[in-house]
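Colleague: give me the fold of what follows.
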Amino acid sequence: MRFSSLLIGFCLLGGAAAKAASTPPMAMPETWVPQDTFVLRAMPQLPPADARDQAHEAWSAYQVSGDTRWLGRALSGLKDAPEHQHRLIKARVLQAMHRFDEATALLSAMADEGHFDLEARLLLASIHLAQGKPADALKACSRGDNSQPTSLVLDFCLGLAESRQGQVKGAFQRLKKRLGEVAALPAVQQQWAYGILAELADQQGQPDALQWYARALVVDADNLYLRRVVADYLYRQGRWTALQQLTADGRDQPQLALWHRLASQALGQVSHEYQYGLQQKMVEAERRQDPLDASMLSRYALWIENQPEKALRYAQQNWVVQKTPEDARLLLAAATRAGEQAVVARVFQWVDAYSLYDSRLEVYRPSSSHQLGGV
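Modeller: A predicted model of the protein is given here:
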């Protein structure tokens with residue numbers, strides 16, 4: 001099902017908050033789903049094709065479904081691919097698998113060979129940001145020898161990296177001045193630019209973050225990563241109707257299904273069938289023990305199962321690999337609910353080491369007068 005982009009934009013901008021996200025949803029009845037009814041979902045079969053074509057198909061399937069099992073298939077078909085575009089896809093697959101060091105090594109090798117184009121530069125910067133290395137991301141975004149023709153895209157890249165080092169206000173104001181140039185970018189880059197403006201506004205706690213998220217969705221409402229980010233925003237704002245509509249076709253995508261479950265429950269519309277389907281997906285993820293599922297399992301444990309200690313365990317597992325503000329927020333929420341103030345203190349040591357200001361994190365700082373429960 002493809003969303004109507006304009007309808008979503010209208011829904012996001014017009015929906016009022018039903019109730020604050022600080023009230024966690026009630027836990028699902030433990031007796032509803034017997035564990036012995038669990039059945040592992042089979043992976044769909046791809047049509048016969050060349051190994052590299054299969055890899056492309058598997059990567060596309062992952063982007064659509066979010067099913068991390070496709071990543072192994074994609075990587076296996078790209079083992080010795082010498083072509084630039086195949087190596088870029090391989091680096092993206094490694095990034096998605098959280099094998100950041102391998103992805104960085106591959107991109108560095110491409111740079112040494114003179115193949116460090118704009119796409120590779122942006123990918124390297126995003127990997128550094130995922131690892132909590134904003135200074136390295138700044139280097140990747142910088143034009144250096146001025147060989148990059150698309151300075152606008154690199155400027156947005158720089159702004160995002162600067163925002164992770166205490167310069168969010170200045171970066172946001174600078175990027176807003178270049179807004180008129182964004183429409184001339186290809187659609188993918190337009191969406192990326194609007195997404196960065198939304199992220200920087202959200203980081204500062206500005207209400208206009210919603211308009212930037214809506215504009216990004218208008219470019220392509222089927223972008224799974226963007227929908228996850230917007231779902232997180234709508235959840236924190238308590239915009240349950242908009243969240244329910246955004247994730248309505250996410251039944252087979254676990255993270256979207258989780259947000260849909262939370263919205264439907266807040267609206268008093270959740271079904272036992274949906275509860276069962278979501279729980280099955282979480283049981284499957286736990287049995288796989290794939291580190292890629294750690295953040296999702298942490299949220300599920302925190303808000304559906306009401307098990308903060310379990311949520312903290314998964315959030316810490318995720319934090320070992322990924323250190324973005326979103327990952328910090330999840331760890332802080334779990335640690336706060338679990339009463340682990342030592343963990344909270346360590347996260348803020350990391351925040352303060354980078355002079356990072358993020359209003360979404362500050363509400364968890366022990367000296368704050370209030371603390372939100374949303375992630």
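Colleague: what sits against Asp136?
Modeller: His128 (CB atoms under 8 Å, 6 or more residues apart in numbering). No exception for glycine: its C-beta is placed from N, CA and C like everyone else's.
Colleague: helices of the stretch 251-375 of the chain, start to end?
Modeller: All helices of the stretch 251-375 of the chain, identified by DSSP state H, counting those that start in this stretch, fall at 254-266, 272-288, 294-299, 308-321, 325-338, 341-353, 359-362.
Colleague: could those be laid out in JSON lines, adding mean neighbour count, distance to Ile196 and mean pLDDT?
Modeller: Output for the helices of the stretch 251-375 of the chain, formatted as JSON lines (neighbours: other CB atoms under 10 Å; distance: least, CB to CB, whole Å; pLDDT from 0 to 100):
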{"stretch": "helix 254-266", "mean neighbour count": "23", "distance to Ile196": "21", "mean pLDDT": "92"}
{"stretch": "helix 272-288", "mean neighbour count": "16", "distance to Ile196": "30", "mean pLDDT": "89"}
{"stretch": "helix 294-299", "mean neighbour count": "24", "distance to Ile196": "21", "mean pLDDT": "96"}
{"stretch": "helix 308-321", "mean neighbour count": "20", "distance to Ile196": "23", "mean pLDDT": "98"}
{"stretch": "helix 325-338", "mean neighbour count": "23", "distance to Ile196": "13", "mean pLDDT": "97"}
{"stretch": "helix 341-353", "mean neighbour count": "14", "distance to Ile196": "20", "mean pLDDT": "97"}
{"stretch": "helix 359-362", "mean neighbour count": "17", "distance to Ile196": "16", "mean pLDDT": "96"}
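Colleague: out of the ones you listed, the one nearest Gln131 is which?
Modeller: Judged by CB to CB, the one of the helices of the stretch 251-375 of the chain that comes nearest to Gln131 is helix 308-321, at 8.0 Å.
Colleague: for that closest one, list the C-alpha coordinates in CSV.
Modeller: In CSV, the C-alpha atoms belonging to helix 308-321 read as follows (Å, rounded to 0.1, in the frame of the first residue of the first chain):
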residue,chain,number,x,y,z
PRO,A,308,12.7,-1.9,32.4
GLU,A,309,15.6,-4.1,33.5
LYS,A,310,15.2,-6.2,30.3
ALA,A,311,14.9,-3.0,28.3
LEU,A,312,18.0,-1.7,29.8
ARG,A,313,20.0,-4.8,28.9
TYR,A,314,19.0,-4.5,25.3
ALA,A,315,19.6,-0.7,25.2
GLN,A,316,23.1,-1.3,26.6
GLN,A,317,23.7,-3.9,24.0
ASN,A,318,22.7,-1.4,21.3
TRP,A,319,24.8,1.3,22.8
VAL,A,320,28.0,-0.7,22.5
VAL,A,321,27.7,-0.4,18.7
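Colleague: ok, the closest residue to Phe116 other than its chain neighbours - contacts?
Modeller: Spatial nearest neighbour of Phe116, excluding adjacent residues (CB to CB, 6 or more residues apart in numbering): Met110 at 5.9 Å. Counting by CB under 8 Å, 6+ apart, Met110 makes contact with 84, 87, 91, 116, 120.
Colleague: ok, the residue lying closest to Gly77 once chain neighbours are set aside - how many residues close by?
Modeller: Using CB to CB, 6+ apart and skipping the chain neighbours, the partner closest in space to Gly77 is Ala55 (2.9 Å). Neighbour count of Ala55, defined by other CB atoms under 10 Å: 24.
Colleague: what does the pLDDT read for Leu118?
Modeller: Among the per-residue scores, Leu118 holds a pLDDT of 87.
Colleague: so, low pLDDT: which residues of this protein?
Modeller: The chain contains residues with pLDDT under 70 at 1-52, 80-82, 143-150, 368-375.
Colleague: tell me who's in contact with the spatially closest residue to Ala345 that is not a sequence neighbour.
Modeller: Distances taken as CB to CB, 6+ apart place Pro366 nearest to Ala345, at 7.6 Å, with adjacent residues excluded. Neighbouring residues of Pro366 by CB under 8 Å, 6+ apart: 341, 344-345.
Colleague: and if you look at Val93?
Modeller: Val93 makes contact with 55, 59, 71, 74-75, 78, according to CB under 8 Å, 6+ apart.
Colleague: fine by me, thanks again.
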